[in-house]
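Student: Sequence below, structure please.
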Amino acid sequence: MRDHLETAPVWDAVRQTELCPFCALKKMIETQGVERFLGGSVMEPDIRIRTNAAGFCPAHHRMLMAQKDYHGYALMMDTRLKEAISQATPSLSGLSRGGLFGGKNTDKAAQKLRALTSRCLVCESMADHVRAYRETFFRLYQKESAFRAAFESGSGICLSDLPDVIADAGRYLSGEMQRTFLDAVSRKTLAVFKTAQEDLDALCSSFHVGSEHKNNPRCKGALERAVNLLRGHTFDPE
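Tutor: Model (predicted):
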């Protein structure tokens with residue numbers, strides 16, 4: 001059962017064709033993470049301690065607000081704000097007394113204040129989970145020919161995830177299996193980017209008067225697909 005729980009999401013991500021498989025996994029993890037942090041666990045001491053310490057990035061604040069649990073979100077932010085004030089007070093008090101004047105001291109105060117907004121609990125959770133899923137991905141790639149075939153016929157890997165995937169290929173694969181994977185991922189990536197470029201060219205041409213691409217179905221979603229390939233999941237597929 002545990003193995004199925006680890007492998008099923010990776011299989012699903014490889015089979016879908018709308019996003020890079022690792023973007024699909026991150027989207028799933030992100031949705032589950034936001035729901036978990038603002039669900040029944042919002043009052044759990046462990047979650048509150050982690051929330052107070054890290055907070056969230058702007059994108060995930062917007063997702064939390066979209067859950068429409070205004071009371072739970074307000075409670076969580078109430079204790080987070082108190083913790084931020086507690087951590088910021090020594091530096092701010094030093095500035096107001098003039099005790100931190102001087103390059104090194106002001107740089108130190110700025111560094112401490114900057115740290116208060118440098119973390120995001122959802123982003124950190126996503127990074128931890130996707131690392132584990134990449135390991136599962138390579139385990140499946142080694143053992144199951146059907147998985148290799150599904151990957152090679154899938155949507156390809158975005159430019160944002162590609163460096164981590166290639167680095168992990170060197171970590172988890174060796175010999176002929178590593179060469180097979182790197183050859184497959186390079187061919188697939190180049191083919192997917194070539195298709196995306198053709199679709200985007202068609203979209204740009206479709207704005208010209210009398211263009212043959214006015215009703216070209218490949219124009220639909222071409223811009224969104226190009227951005228997703230360049231930067232990872234940014235726009236949901238239509």
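Student: How is the most centrally placed residue in the chain assigned, secondary-structure-wise?
Tutor: The geometric centre of the chain, computed from its C-alpha atoms, lies nearest to Lys26 (CA atoms, centre = their mean), at 4.9 Å. For Lys26, the assignment made with DSSP: H, G, I helix; E, B strand; the rest coil gives helix.
Student: Show me what counts as buried in stretch 35-51.
Tutor: 37-38, 42, 47-48, 51 (16 or more other CB atoms under 10 Å). In this view, the C-beta of every residue, glycine as well, is placed from N, C-alpha and C.
Student: Return the member of these nearest to Gln142.
Tutor: Phe37 (34.2 Å; CB to CB).
Student: which residues of the chain fall in strands?
Tutor: For the chain, applying DSSP state E gives no strands.
Student: For it, give me the ranges with low pLDDT.
Tutor: 1-5, 40-42, 96-104, 238 (pLDDT under 70).
Student: Which strands or helices does the lengthiest helix in the chain pack on?
Tutor: With DSSP state H applied, the helix covering the greatest number of residues in the chain is identified as helix 175-206. Counting by 3 or more CB pairs under 8 Å, 6 or more residues apart in numbering; DSSP states H and E, the packing neighbours recorded for helix 175-206 are helix 121-143, helix 145-152, helix 162-172, helix 222-231.
Student: can you redo those helices as CSV with distance to Tyr70 and mean neighbour count?
Tutor: Formatted as CSV, the helices and strands packed on helix 175-206 follow (distance: least, CB to CB, whole Å; neighbours: other CB atoms under 10 Å):
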stretch, distance to Tyr70, mean neighbour count
helix 121-143, 19, 17
helix 145-152, 42, 15
helix 162-172, 37, 15
helix 222-231, 31, 18
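Student: Report how many residues lie close to the nearest residue to Val165 once chain neighbours are set aside.
Tutor: If the residues on either side of it in the chain are set aside, Val165 comes closest to Ile157, at 5.6 Å by CB to CB, 6 or more residues apart in numbering. Neighbourhood size, Ile157 [other CB atoms under 10 Å]: 23.
Student: Tell me who's in contact with Ile157.
Tutor: 20-22, 165, 185, 188-189 (CB atoms under 8 Å, 6 or more residues apart in numbering).
Student: what about 10 Å?
Tutor: 20-23, 151, 163-166, 185, 188-189, 192, 229, 232 (CB atoms under 10 Å, 6 or more residues apart in numbering).
Student: circling back: the buried residues of stretch 35-51 in helices, which ones?
Tutor: Going by DSSP H, the helices hold 37, 47-48, 51 from those.
Student: now these as CSV including distance to Ser86?
Tutor: Formatted as CSV, those follow (distance: CB to CB, whole Å):
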residue, distance to Ser86
Phe37, 21
Ile47, 19
Arg48, 14
Thr51, 14
